[in-house]
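**Q** Here's a sequence, model it:
(one chain, ligands or ions: 1)
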Amino acid sequence: MNVTEPQVILASGSPRRRELLGNLGVSFRVVVSGEPEDSPETNPLRLAAELATLKAKAVAALHPGAVIIAADTVVAVDGQLLGKPADAAENRAFLEALSGRTHQVLTGVAVQSGAGLSCEVERTDVTFRPLTAQEIAYYAGTGEGLDKAGGYGIQSVGMALVSGIQGDYSNVVGFPLTLVTRLLRGAGVPVWGQTHSADPDLAPQPAGVSSA
Ligand SMILES: Cc1cn([C@H]2C[C@H](O)[C@@H](COP(=O)(O)OP(=O)(O)OP(=O)(O)O)O2)c(=O)[nH]c1=O
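**A** Purely as a prediction, here's the structure:
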């Protein structure tokens, strides 16, 4: 790492986020905030932004001077919020709610740096094919969805539940790479060796909450 580059901290215990941030060629270390992810917020977009901001600020308070990046993923179907299922029974209930429908995956990304806090939310629409009771019981029995919002993992066995996706795939896995790239570059962190991009979609934008 160049000595003038800011120190980057990923405020997340998620192995998916660690792997995806590594793919961007960013040198970083991991510090998990341990903040409880509790909020009375019922709007999925605002909830994702609020929880990502909470995680980033908790770690920023302990590491002033570093650039902190945090994220939070929530799933919403027909106005119902689905977090991580508590057990296999709740995982089955989530899969029943998602079966044959299109749901929204929203990931809030918060970057705290000397320039302040930037937080935005990326949205991807995912459609599940209609599932039989046997398929729901089978997938819930794998346990794959228990540590994941919505109770499934699109990157693994759960891919077979999905009939369509509209938007950024990496967002569903919990780390929307186009948004992450833009926010990190806006905070002066090189991604693939660059702090700027000719692509207008990747140009730094004013801080705020928006959906794609
Ligand atoms: C829908 C879906 C979610 N997920 C994951 C992404 C997130 O890691 C997780 C949602 O929980 P989060 O609370 O966003 O993240 P986390 O608890 O895993 O990690 P941390 O709070 O420390 O950053 O669900 C998948 O991996 N695949 C999927 O298809």
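**Q** Am I right that Ile165 is in contact with Phe128?
**A** No - look at Ile165 against Phe128 with C-beta atoms under 8 Å: they stay out of range, at 10.5 Å. (Glycine included, C-beta is placed from N, CA and C.)
**Q** Identify the residues contacting stretch 40-57?
**A** Stretch 40-57 is touched from outside by 11-12, 33, 35, 37, 39, 68-76, 81, 104, 106-112, 117, 119-121, 123, 209, 211, with contacts defined as C-beta atoms under 8 Å, 6 or more residues apart in numbering.
**Q** Which positions in that stretch come out as buried?
**A** Buried positions in stretch 40-57, judged by neighbour count with 16 or more other C-beta atoms under 10 Å: 44-57.
**Q** One more: stretch 88-100?
**A** Residues of stretch 88-100 classed as buried: 88, 90-92, 94-95, 97-99 (neighbour count, 16+ other C-beta under 10 Å).
**Q** could you give the mean pLDDT of it?
**A** For stretch 88-100, mean pLDDT is 98.
**Q** Is any residue of that stretch near the ligand?
**A** No - between stretch 88-100 and the ligand, judged by C-beta under 6 Å from any ligand atom, nothing touches; the nearest distance is 9.7 Å.
**Q** Using CSV, write out every CA atom in that stretch.
**A** Written as CSV, here are the backbone C-alpha positions of stretch 88-100 (Å, rounded to 0.1, in the frame of the first residue of the first chain):
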residue,chain,number,x,y,z
ALA,A,88,-35.4,-23.6,10.3
ALA,A,89,-39.1,-23.1,11.0
GLU,A,90,-38.8,-19.3,10.4
ASN,A,91,-36.6,-20.0,7.4
ARG,A,92,-39.4,-22.2,5.9
ALA,A,93,-41.9,-19.3,6.6
PHE,A,94,-39.6,-16.8,4.8
LEU,A,95,-39.3,-19.2,1.8
GLU,A,96,-43.1,-19.5,1.7
ALA,A,97,-43.4,-15.7,1.6
LEU,A,98,-40.8,-15.5,-1.2
SER,A,99,-42.1,-18.4,-3.3
GLY,A,100,-43.4,-17.3,-6.8
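**Q** follow-up on the earlier one: okay, Ile165 and Phe128: which has more neighbours?
**A** Using other C-beta atoms under 10 Å as the criterion, Ile165 and Phe128 rank with Phe128 on top: 21 against 17.
**Q** low-confidence ranges in this structure?
**A** 1-4, 197-212 (pLDDT under 70).
**Q** Good, we can wrap up now.
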